[in-house]
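Colleague: no sequence on this one, just coordinates:
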């Protein structure tokens with residue numbers, strides 16, 4: 001790769017008003033700067049993919065802006081031959097350059113892109129089927145290498161539901177000569193981002209050009225980034241965090257290096273090594289879920305005798321799942337000697353309904369943690385206690401809401417804004433919020449079209465919004481303390497027993513720590529009605545606690561009963577809760593979403609179906 005990568009002189013400033021706030025020019029879309037990027041950066045690299053299936057060091061597949069334009073025109077023209085404007089086009093391609101081409105080409109053709117995954121992704125066929133049923137795409141974009149698996153999967157569907165399949169890499173460049181320019185509007189739907197499905201059936205969030213452009217700019221401003229900042233990402237492109245990474249070059253020029261999630265998981269060193277390589281040319285930005293930082297600290301250090309310089313890593317967003325300070329500390333300990341800045345990791349909060357990013361810590365701030373009293377948490381109050389208090393529960397700060405977005409803590413029963421220190425539902429407002437759920441009018445109304453019934457007279461976090469503003473109910477629970485946001489859990493995941501709230505992640509952490517035979521981080525806690533338990537009284541509908549825990553590697557022959565009793569005793573001691581049932585299961589048995597989150601609701605369903613015998 002050339003070290004002389006050009007950067008457009010004007011990037012972020014094109015979208016800012018005189019006061020520094022985000023003001024999209026009329027007609028702004030994800031593609032409105034493509035022609036300018038091509039004219040000014042034509043022969044330089046836009047997107048780069050490292051293929052580790054052919055070589056252990058990775059084979060670089062590079063796409064210049066000129067090549068991207070040519071390939072997009074070809075795929076876009078082919079789509080226009082077989083679709084109508086507004087048709088959904090699903091991308092079921094492996095991670096790689098073709099995925100990027102297909103995503104932008106679908107938008108350029110006047111379609112709505114639906115970023116998904118190839119059927120080879122294990123354990124998620126049911127989700128893929130549900131999403132295709134919901135989105136009803138007329139075309140699927142894939143690659144020659146994945147076409148057979150895609151067609152095999154589609155043959156299981158009723159004939160009337162089978163979309164046309166087009167292999168991106170099989171369409172010749174010459175087809176692009178027939179592309180008809182489409183006038184896109186800022187408030188058109190650019191793509192459908194399907195939720196992870198951790199608490200329900202996945203729903204397609206309608207992400208407009210306005211929402212996507214705004215959120216990318218919000219992230220750039222929050223991170224102190226610019227058009228010269230490079231990115232390195234292994235995140236799956238069908239996930240909101242992975243997808244938004246490829247939107248940065250589209251808006252502001254520059255380029256990004258991609259690799260597959262599997263390449264990272266097998267050898268985390270590859271990601272860190274590439275961060276160091278890109279650091280040689282300037283500031284680098286990336287994002288990953290919490291587990292990746294711990295995994296990289298364990299298995300990502302440079303080999304003996306190799307020198308890496310990570311001093312230009314400007315920011316690593318840590319989000320998508322609960323953030324632990326221990327993972328951050330291990331990462332800093334592992335890579336601090338290689339110049340990694342201690343303030344680079346940014347605990348963050350986001351969600352698909354907000355395009356992605358909502359809150360993060362300041363660009364110069366260090367990650368921080370407080371301890372809250374468990375008994376007070378059960379009463380929806382956040383009361384700090386010393387770290388060594390027996391009821392102390394750790395919580396990492398997600399910082400402050402990012403520019404041009406509002407976040408209030410609301411009593412979900414009354415719609416009233418709550419003061420600092422009181423736990424309630426997180427509600428959001430801003431131009432980055434999605435338009436609604438595809439084809440779900442009732443759910444859209446309930447989730448996206450809420451009104452604040454009352455605001456705080458002083459220090460309201462809704463200041464600057466109109467009284468009739470619409471707010472997104474996130475379903476997440478959170479609290480403000482000293483203007484820092486702490487996310488405490490999900491409303492639907494709360495374990496409510498005898499009228500008291502218990503946070504499942506807190507119980508799960510206790511179970512994980514109770515015995516070395518329990519696989520840390522692979523425990524699901526949920527409640528079921530007593531009459532759903534074996535040999536229970538039919539009339540008893542009160543809730544009971546159930547624990548499903550995966551066995552740690554190497555503990556397959558360990559006696560179950562002592563482990564079960566250790567879990568039971570630890571939860572009784574720390575949470576004063578009886579456990580109705582504990583199941584120890586094999587590694588990988590607990591279902592997870594496509595983004596790697598625990599799918600507690602799916603685990604509960606499998607438990608009730610007697611899957612975990």
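Modeller: Structure received. If you're wondering where the values come from, they're calculated on a predicted model, not measured in any experiment. Numbers count the residues shown, from 1 in each chain.

Colleague: quick check: longest helix in the chain by residues?
Modeller: As assigned by DSSP state H, the longest helix anywhere in the chain is helix 65-82.

Colleague: could you point out which element follows that helix?
Modeller: Following helix 65-82 in sequence order, the next helix or strand is strand 88-91 (DSSP states H and E).

Colleague: for that following strand, which outside residues touch it?
Modeller: 79, 83, 99, 102-103, 106, 109, 111-116, 132, 135-142, 163, 192, 237-238 (CB atoms under 8 Å, 6 or more residues apart in numbering). Where you see a C-beta, it was placed from the backbone N, CA and C, and this is true even at glycine.

Colleague: buried subset of the residues you listed?
Modeller: Among these, those scoring as buried are 79, 83, 99, 102-103, 106, 109, 111-116, 132, 135, 137-142, 163, 192, 237-238 (criterion: 16 or more other CB atoms under 10 Å).

Colleague: can you give me the strands for the stretch 451-600 of the chain?
Modeller: Assignment of strands within the stretch 451-600 of the chain using DSSP state E, counting those that start in this stretch yields the ranges 472-481, 484-490, 495-497, 500-502, 518-529, 543-551, 579-585.

Colleague: point out the most buried one among those.
Modeller: strand 543-551 (a mean of 23; mean count of other CB atoms under 10 Å).

Colleague: show me what that strand is packed against.
Modeller: Packing partners of strand 543-551 (3 or more CB pairs under 8 Å, 6 or more residues apart in numbering; DSSP states H and E): strand 495-497, helix 504-514, strand 518-529, helix 560-575, strand 579-585, helix 600-608.

Colleague: ok and it relative to strand 518-529, angle-wise?
Modeller: Calculated by axes from the mean of the first three to the mean of the last three CA atoms, to 10 degrees, strand 543-551 forms an angle of 160 degrees with strand 518-529.

Colleague: got the angle for strand 543-551 vs helix 600-608?
Modeller: Orientation of strand 543-551 against helix 600-608 (the same axes, to 10 degrees) gives an angle of 90 degrees.

Colleague: can you give me the strands in the stretch 151-300 of the chain?
Modeller: 164-167, 189-194, 204-208, 230-233, 256-258, 284-288.

Colleague: next one: the longest one to chain centre, how far?
Modeller: Going by CA atoms, centre = their mean, to the nearest Å, the spacing between the C-alpha centre of strand 189-194 and its chain's C-alpha centre is 14 Å.

Colleague: buried set for that strand?
Modeller: Using 16+ other CB under 10 Å as the burial criterion, the residues of strand 189-194 that qualify are 189, 190, 191, 192, 193, 194.

Colleague: by pLDDT, rank those residues and give me the bottom one.
Modeller: Among the buried residues of strand 189-194, residue 194 carries the lowest pLDDT, at 92.

Colleague: contacting residues for that residue?
Modeller: Residues near residue 194 by CB under 8 Å, 6+ apart: 114, 116, 131, 134, 135, 202, 203, 204, 205, 238, 352.

Colleague: state the distance from it to residue 485.
Modeller: According to CB to CB, to the nearest Å, residue 194 stands 25 Å off from residue 485.

Colleague: before we move on, back to that, Throw the contacts of residue 194 into CSV and include pLDDT and distance to residue 584, thanks.
Modeller: Shown next, in CSV, are the contacts of residue 194 (pLDDT from 0 to 100; distance: CB to CB, whole Å):
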residue, pLDDT, distance to residue 584
114, 97, 39
116, 94, 34
131, 91, 32
134, 93, 36
135, 94, 38
202, 81, 29
203, 90, 33
204, 95, 37
205, 96, 37
238, 92, 32
352, 92, 33
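
Colleague: tell me how far the closest residue to residue 512 other than its chain neighbours lies from residue 593.
Modeller: Counting by CB to CB, 6 or more residues apart in numbering, residue 520 is the residue found nearest to residue 512 once chain neighbours are left out, at 4.5 Å. Distance, residue 520 to residue 593, using CB to CB: 19 Å.

Colleague: same question, residue 500
Modeller: Residue 500 is 28 Å from residue 593, by CB to CB.

Colleague: what's the span of stretch 157-164 from first residue to last?
Modeller: 13 Å (CA to CA, to the nearest Å).

Colleague: now that stretch: buried residues?
Modeller: residue 163.

Colleague: off-centre distance for that stretch?
Modeller: Using CA atoms, centre = their mean, the offset of stretch 157-164 from its chain centre is 30 Å.

Colleague: so which residues make contact with that stretch?
Modeller: Applying CB under 8 Å, 6+ apart, the contact partners of stretch 157-164 are 82, 90, 129, 132, 133, 136, 137, 138, 139, 140, 154, 155.

Colleague: name the nearest of those relative to residue 214.
Modeller: Set against residue 214, the nearest of the contacts of stretch 157-164 by CB to CB is residue 90 (24.8 Å).

Colleague: show the pLDDT at that closest one.
Modeller: pLDDT, residue 90: 97.

Colleague: next, count neighbours for it.
Modeller: Residues within reach of residue 90, counting by other CB atoms under 10 Å, total 29.

Colleague: if we can go back for a sec, so which of the helices and strands packed on strand 543-551 is nearest residue 264?
Modeller: Comparison of the helices and strands packed on strand 543-551 against residue 264 by CB to CB identifies strand 518-529 as nearest, at 17.3 Å.

Colleague: what lies in contact with that closest one?
Modeller: Contacts of strand 518-529 (CB under 8 Å, 6+ apart): 291, 493, 495-497, 504, 507-508, 511-513, 540-553, 563, 567, 580, 584, 587, 590, 598, 600-601, 603-604, 607-608.

Colleague: 6 Å - rerun?
Modeller: 495, 504, 507-508, 511-512, 541, 543, 545-550, 552, 590, 598, 600, 603-604 (CB atoms under 6 Å, 6 or more residues apart in numbering).

Colleague: that one: partners in the sheet, and parallel or antiparallel?
Modeller: strand 543-551 (antiparallel) (DSSP bridges).

Colleague: so, low pLDDT: which residues of the chain?
Modeller: 1-11, 121-123, 196-200, 534-541, 594-596 (pLDDT under 70).

Colleague: the helices in the stretch 301-450 of the chain, which residues?
Modeller: Applying DSSP state H, counting those that start in this stretch to the stretch 301-450 of the chain gives helices spanning 325-335, 374-378, 441-448.

Colleague: buried ones in the last one?
Modeller: Which is helix 441-448. 444, 447, 448.

Colleague: kindly report the same for the shortest one.
Modeller: When burial is assessed from 16+ other CB under 10 Å, helix 374-378 yields the following buried residues: 374, 376, 377, 378.

Colleague: next, the angle helix 65-82 makes with the helix or strand residue 40 falls within.
Modeller: Residue 40 belongs to helix 34-41 when assigned by DSSP H and E. Here helix 34-41 points in a direction 150 degrees away from that of helix 65-82 (the same axes, to 10 degrees).

Colleague: which elements pack onto helix 34-41?
Modeller: Packed against helix 34-41 by the contact rule (3 or more CB pairs under 6 Å, 6 or more residues apart in numbering; DSSP states H and E) you find helix 65-82.

Colleague: and residue 114, which of the three is it?
Modeller: Secondary structure state of residue 114, per DSSP: H, G, I helix; E, B strand; the rest coil, is strand.

Colleague: and it, how far from residue 137?
Modeller: On the measure of CB to CB, residue 114 and residue 137 end up 6 Å apart.
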